[in-house]
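For reference, the sequence and a predicted model appear below.
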Amino acid sequence: MSAHSRLSRRHFLVATTAAACFALTQAPRSAHAADPVRVGFSPEPYPPFWNQDAGGKWSGFEVDLLEAIFAKMGKTYQLVPIAWDGIIPALQENKIDVIFNSMGITPERSQQVDFTAKYYETAIVFIGPKDQQIAITKDGLKGKIIGVQTGTAQANWLQSHFGDVVDIKLYEQQDQVNADLVAGRIDLDFADSIALLQGFLPTDQGKSFDQKGEAIIDPTSGAEIGAALRKGDPLRAEISDAIKAIRADGSYKKINDKYFNFDIYGS
């Protein structure tokens with residue numbers, strides 16, 4: 001999810017409801033301007049960015065933002081569900097055209113793909129049981145089991161900074177990490193701050209947990225979130241210009257205020 005932190009953010013999975021709603025196109029997109037842009041996303045709950053109702057319809061901050069961006073560009077798009085672990089390969093293999101899924105901009109990813117201008121930024125945090133005092137230091141975390149979504153910038157950051165003292169448990173989806181925290185199978189949950197503090201802690205499942213330590217903002221953690229495209233794709237500039245335009249005309253603020261009581265875009 002990032003940085004939405006978005007050292008992503010987010011796994012080969014079968015999403016039958018998502019597949020029923022969005023056809024996965026394997027053939028490369030043709031050069032016709034009227035063809036919809038294929039937007040890749042991981043079909044999993046990631047509130048408040050992505051939510052799916054009982055009928056299979058997706059909603060959330062990124063869904064609304066995507067609609068506004070493409071309306072500003074005058075283009076159509078098609079949502080294409082892709083497991084998170086395979087989403088960059090799918091882009092490189094021309095199965096999709098854009099990744100719009102809380103992907104943090106990191107130096108490693110920037111070697112593989114081109115990123116647009118950011119469309120929000122976030123920090124990363126640890127959460128754990130309210131009744132436990134846990135210091136976010138090597139001594140404080142020694143021997144702890146920490147859950148994190150596989151293939152994310154957060155997982156890379158955790159391995160780099162605390163991998164020698166903690167037991168890292170990887171999950172395909174963020175909601176699986178949250179569920180194991182609730183079940184007591186892990187000591188801490190580590191993810192994007194907005195997804196945890198805004199999306200999880202206010203829920204019935206999350207009410208027994210709180211943030212441990214300070215929020216972490218690190219350029220290597222994917223704090224800035226952008227759309228990813230193949231190297232050299234001119235659509236990158238179009239999307240970046242559209243992000244700037246909806247910031248200027250108030251459309252971004254309207255969407256932002258629907259989901260957050262602060263400016264998620266950041267400074």
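Sure, I can see it.

So which elements touch the helix or strand hosting A90?
In this structure, A90 is located in helix 87-92 according to DSSP states H and E. Identification of packing neighbours for helix 87-92 by 3 or more Cβ pairs under 8 Å, 6 or more residues apart in numbering; DSSP states H and E yields strand 37-41, strand 98-99, strand 228-229. Bear in mind the C-beta positions are built from the backbone N, C-alpha and C, glycine included.

what are the ranges of the strands in the chain?
37-41, 51-52, 58-59, 77-81, 98-99, 114-115, 120-121, 124-129, 145-149, 167-171, 188-192, 209-216, 224-225, 228-229 (DSSP state E).

need the ones you listed in JSON lines with distance to A68, can you?
Formatted as JSON lines, the strands of the chain follow (distance: least, Cβ to Cβ, whole Å):
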{"stretch": "strand 37-41", "distance to A68": "13"}
{"stretch": "strand 51-52", "distance to A68": "17"}
{"stretch": "strand 58-59", "distance to A68": "14"}
{"stretch": "strand 77-81", "distance to A68": "12"}
{"stretch": "strand 98-99", "distance to A68": "15"}
{"stretch": "strand 114-115", "distance to A68": "19"}
{"stretch": "strand 120-121", "distance to A68": "13"}
{"stretch": "strand 124-129", "distance to A68": "26"}
{"stretch": "strand 145-149", "distance to A68": "27"}
{"stretch": "strand 167-171", "distance to A68": "31"}
{"stretch": "strand 188-192", "distance to A68": "21"}
{"stretch": "strand 209-216", "distance to A68": "27"}
{"stretch": "strand 224-225", "distance to A68": "16"}
{"stretch": "strand 228-229", "distance to A68": "18"}
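
Turn those strands into JSON lines, columns for mean pLDDT, distance to I239 and mean neighbour count.
Converted to JSON lines, the strands of the chain look like this (pLDDT from 0 to 100; distance: least, Cβ to Cβ, whole Å; neighbours: other Cβ atoms under 10 Å):
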{"stretch": "strand 37-41", "mean pLDDT": "98", "distance to I239": "9", "mean neighbour count": "24"}
{"stretch": "strand 51-52", "mean pLDDT": "94", "distance to I239": "23", "mean neighbour count": "17"}
{"stretch": "strand 58-59", "mean pLDDT": "96", "distance to I239": "19", "mean neighbour count": "16"}
{"stretch": "strand 77-81", "mean pLDDT": "97", "distance to I239": "11", "mean neighbour count": "20"}
{"stretch": "strand 98-99", "mean pLDDT": "98", "distance to I239": "7", "mean neighbour count": "26"}
{"stretch": "strand 114-115", "mean pLDDT": "98", "distance to I239": "10", "mean neighbour count": "19"}
{"stretch": "strand 120-121", "mean pLDDT": "94", "distance to I239": "14", "mean neighbour count": "26"}
{"stretch": "strand 124-129", "mean pLDDT": "97", "distance to I239": "25", "mean neighbour count": "24"}
{"stretch": "strand 145-149", "mean pLDDT": "97", "distance to I239": "25", "mean neighbour count": "23"}
{"stretch": "strand 167-171", "mean pLDDT": "97", "distance to I239": "30", "mean neighbour count": "17"}
{"stretch": "strand 188-192", "mean pLDDT": "96", "distance to I239": "21", "mean neighbour count": "30"}
{"stretch": "strand 209-216", "mean pLDDT": "96", "distance to I239": "28", "mean neighbour count": "17"}
{"stretch": "strand 224-225", "mean pLDDT": "93", "distance to I239": "13", "mean neighbour count": "28"}
{"stretch": "strand 228-229", "mean pLDDT": "98", "distance to I239": "8", "mean neighbour count": "24"}
